[in-house]
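Asks: Compute the structure for the input listed below.
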Amino acid sequence: MFKKRISDNLLKKAEYYSDRFENEKAISYLDKLLIIDGNNIDGWLLKGLCHAFLFQKEESFRCFDKALKLDSNNLNVHLKKGVACYHMGEYELAIDSFNQIIEHIPDETFSLNKIGSCYLYLEKYDLALSYFNKVLEIDSEDSDALLNMGLYYNDLEMYDDALIYLDKCIEIQPNDGAALLQMANISKNKQDYHNALRYVNLALGQNPNDLMLQLTKNLLLSNIGEFEESVKGFKSISLEGIDNYGLISMYYIYYGQALQTMGKNDDALGLYDEYLTEYDRFPKDGIIAERDKVLGQMH
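Replies: Have a look, this model is predicted:
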């Protein structure tokens with residue numbers, strides 16, 4: 001009983017830091033937990049996810065292998081491994097994991113949505129659409145599927161069709177921050193920056209601490225010529241303690257794009273170089289592409 005109480009407390013602390021994107025700190029508690037109880041599946045699963053958010057693929061896969069050895073029939077293991085692979089950009093592996101769920105629960109909408117999202121990232125649009133439609137056949141008001149349909153049509157630059165699904169998503173869930181953010185992205189793609197900013201502010205009204213919303217707002221401020229407010233907004237964001245590679249890379253990409261909009265190409269290059277030096281273990285393709293774009297404009 002005493003051992004279980006300690007294990008539960010360590011897991012709760014790890015979950016707390018993981019929710020705050022402080023994955024290394026979460027892992028420190030999980031390591032203590034797994035010394036005490038090496039057969040704790042929840043501990044191995046969360047550790048695998050934390051390593052995935054740090055883009056530490058080998059460590060992540062090792063954790064899920066351990067969990068599968070403990071209980072290969074546990075569907076939650078396959079589910080969490082699918083989520084981890086999805087976040088690491090291993091979309092084919094993610095599809096394999098989510099299909100393990102579908103084999104047992106054919107109408108499990110979370111996994112169906114995720115498989116569709118994987119195919120969307122792989123640019124296999126027909127397959128993506130088939131999975132999103134499958135979810136909507138199960139539940140015509142599934143907000144994730146409606147959002148994904150918006151993403152699907154946005155990728156195809158069919159913005160009016162995308163807005164139909166996103167409007168329905170917001171009609172069902174007025175405070176859906178992800179849908180509002182996507183509405184903002186579509187308005188941004190159409191160069192309707194003021195309307196995009198309106199959607200972001202609506203979303204921030206519901207979740208003022210959402211980092212992705214804050215980044216998008218600061219980028220949009222640069223698009224409408226509010227340069228001082230844009231820079232002030234980016235500088236006010238602290239990355240201290242945050243080690244989620246996706247959020248960190250988006251901070252540098254959006255801040256760099258804002259600086260480019262202001263004509264500060266040298267500053268943008270310096271920012272991209274900072275990322276490449278400070279976060280060498282994280283994916284670099286997006287940053288390098290932005291850096292090359294700036295260099296192309298300067299020559």
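
Asks: now the closest residue to His87 other than its chain neighbours: how far from Asp273?
Replies: Ranked by C-beta to C-beta, 6 or more residues apart in numbering and with sequence neighbours excluded, the top spatial neighbour of His87 is Ala52, at 5.0 Å. The way it works is simple: take the backbone N, C-alpha and C, and place the C-beta from them, glycine included. The spacing between Ala52 and Asp273, counted by C-beta to C-beta, to the nearest Å, is 26 Å.

Asks: same deal with Ile170?
Replies: Going from Ile170 to Asp273 by C-beta to C-beta gives 40 Å.

Asks: likewise Tyr279?
Replies: If you go by C-beta to C-beta, the gap between Tyr279 and Asp273 works out to 11 Å.

Asks: Tyr272 touches Val294, doesn't it?
Replies: Yes. Proximity of Tyr272 to Val294 meets the contact threshold set by C-beta atoms under 8 Å, at 7.5 Å.

Asks: thinking again about what came up before, of Ile170 and Asp273, who's got more company?
Replies: Ile170 (21 against 12; other C-beta atoms under 10 Å).

Asks: Identify the residues contacting that one.
Replies: With contact set as C-beta atoms under 8 Å, 6 or more residues apart in numbering, Ile170 has these partners: 176, 179-180, 183.

Asks: Helix or strand: which one has it?
Replies: Using DSSP states H and E, Ile170 maps to helix 159-172.

Asks: What's the first helix or strand after that helix?
Replies: helix 177-189.

Asks: That next one: which residues count as buried?
Replies: 177-188 (16 or more other C-beta atoms under 10 Å).

Asks: where do the helices sit along the stretch 1-150 of the chain?
Replies: Taking DSSP state H, counting those that start in this stretch as the test, the helices found in the stretch 1-150 of the chain are 2-19, 23-36, 41-53, 57-70, 75-87, 91-104, 109-121, 125-138, 143-155.

Asks: Now do the longest one: everything it contacts.
Replies: Applying C-beta under 8 Å, 6+ apart, the external contacts of helix 2-19 come out as 23, 25-27, 29-30, 32-33, 36-37, 40, 42-43, 46-47, 49-50, 53.

Asks: Check the second one too.
Replies: With contacts defined as C-beta under 8 Å, 6+ apart, helix 23-36 is touched by 3, 6-7, 10-11, 13-18, 40, 43-44, 46-47, 50-51, 53-54, 241, 243-244.

Asks: 6 Å instead, please
Replies: Helix 23-36 is contacted from outside by 7, 10-11, 13-14, 17-18, 43, 47, 50, 53-54, 243, using C-beta atoms under 6 Å, 6 or more residues apart in numbering.

Asks: I'd like to know which of the residues you listed is nearest to Tyr165.
Replies: Each of these was scored against Tyr165 by C-beta to C-beta, and Phe53 proved nearest at 28.4 Å.

Asks: Burial check on the closest one, number of neighbours?
Replies: The burial count for Phe53: 21, using other C-beta under 10 Å.

Asks: what's the distance between it and Lys47?
Replies: Phe53 is 11 Å from Lys47, by C-beta to C-beta.

Asks: angle of the helix holding Ile170 against helix 177-189?
Replies: With axes from the mean of the first three to the mean of the last three C-alpha atoms, to 10 degrees defining the directions, helix 159-172 sits at 150 degrees from helix 177-189.

Asks: Would you mind listing the buried residues in helix 159-172?
Replies: In helix 159-172, counting by 16+ other C-beta under 10 Å, buried: 159, 162-163, 165-166, 168-170.

Asks: how about the residues you listed in CSV, adding distance to Asn201?
Replies: As requested, the buried residues of helix 159-172 are exported to CSV (distance: C-beta to C-beta, whole Å):
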residue, distance to Asn201
Tyr159, 20
Ala162, 20
Leu163, 18
Tyr165, 22
Leu166, 17
Lys168, 22
Cys169, 18
Ile170, 14
